[in-house]
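Chemist: need coordinates for the following:
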Amino acid sequence: MAEMEVVILVQEGKRGELESVARSLEAQGLQVKQTFPRFRTIVGTADSAAVSGMKAVDGVESVRPQTRFTLPPMDDKTPQ
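Modeler: Numbers count the residues shown, from 1 in each chain. Sure, this is the predicted structure:
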């Protein structure tokens, strides 16, 4: 399967256990890139086949693909 970037939201009640949840996700195949305790969020990459296993980890509220977008270059003729 293909590797993808994912954003994981940790349950409110598990906010204080974010690092523990991240370690459990690593055991499921997630390569943690960054954690944001204030936002209960873990960002990383994983094989798309591992997503269902990550959703079952205790403390995980949601797992979704990371969305990226870019703005066009700054130009006087292009509104921003």
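
Chemist: what's near enough to touch residue 40?
Modeler: 9, 10, 11, 12, 14, 15, 18, 61 (CB atoms under 8 Å, 6 or more residues apart in numbering). Any C-beta I mention is one placed from the backbone N, CA and C, and that applies to glycine too.

Chemist: sorry, slip of the keys, the one I care about is residue 30.
Modeler: The neighbourhood of residue 30, defined by CB under 8 Å, 6+ apart, consists of 6, 8, 22, 42, 44, 45, 46, 50, 54.

Chemist: weed out the non-buried ones from those residues.
Modeler: 6, 8, 22, 42, 44, 46, 50, 54 (16 or more other CB atoms under 10 Å).

Chemist: alpha carbons of the helix ranked longest in the chain, as PDB, please.
Modeler: Within the chain, and with DSSP state H defining each element, the longest helix by residue count is helix 18-27. C-alpha atoms of helix 18-27 as PDB (Å, rounded to 0.1, in the frame of the first residue of the first chain):
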ATOM      1  CA  LEU A  18      -0.900  12.300  24.200                       C
ATOM      2  CA  GLU A  19       2.700  10.900  24.300                       C
ATOM      3  CA  SER A  20       1.500   7.500  25.400                       C
ATOM      4  CA  VAL A  21      -1.100   7.500  22.600                       C
ATOM      5  CA  ALA A  22       1.700   8.500  20.100                       C
ATOM      6  CA  ARG A  23       3.800   5.500  21.200                       C
ATOM      7  CA  SER A  24       0.800   3.200  20.800                       C
ATOM      8  CA  LEU A  25       0.300   4.600  17.300                       C
ATOM      9  CA  GLU A  26       4.000   4.100  16.500                       C
ATOM     10  CA  ALA A  27       3.400   0.400  17.400                       C
END
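
Chemist: packing partners of it?
Modeler: Packed against helix 18-27, as judged by 3 or more CB pairs under 8 Å, 6 or more residues apart in numbering; DSSP states H and E, are the following elements: strand 3-10, strand 31-36, strand 41-47.

Chemist: among those, which comes closest to residue 76?
Modeler: strand 3-10 (33.8 Å; CB to CB).
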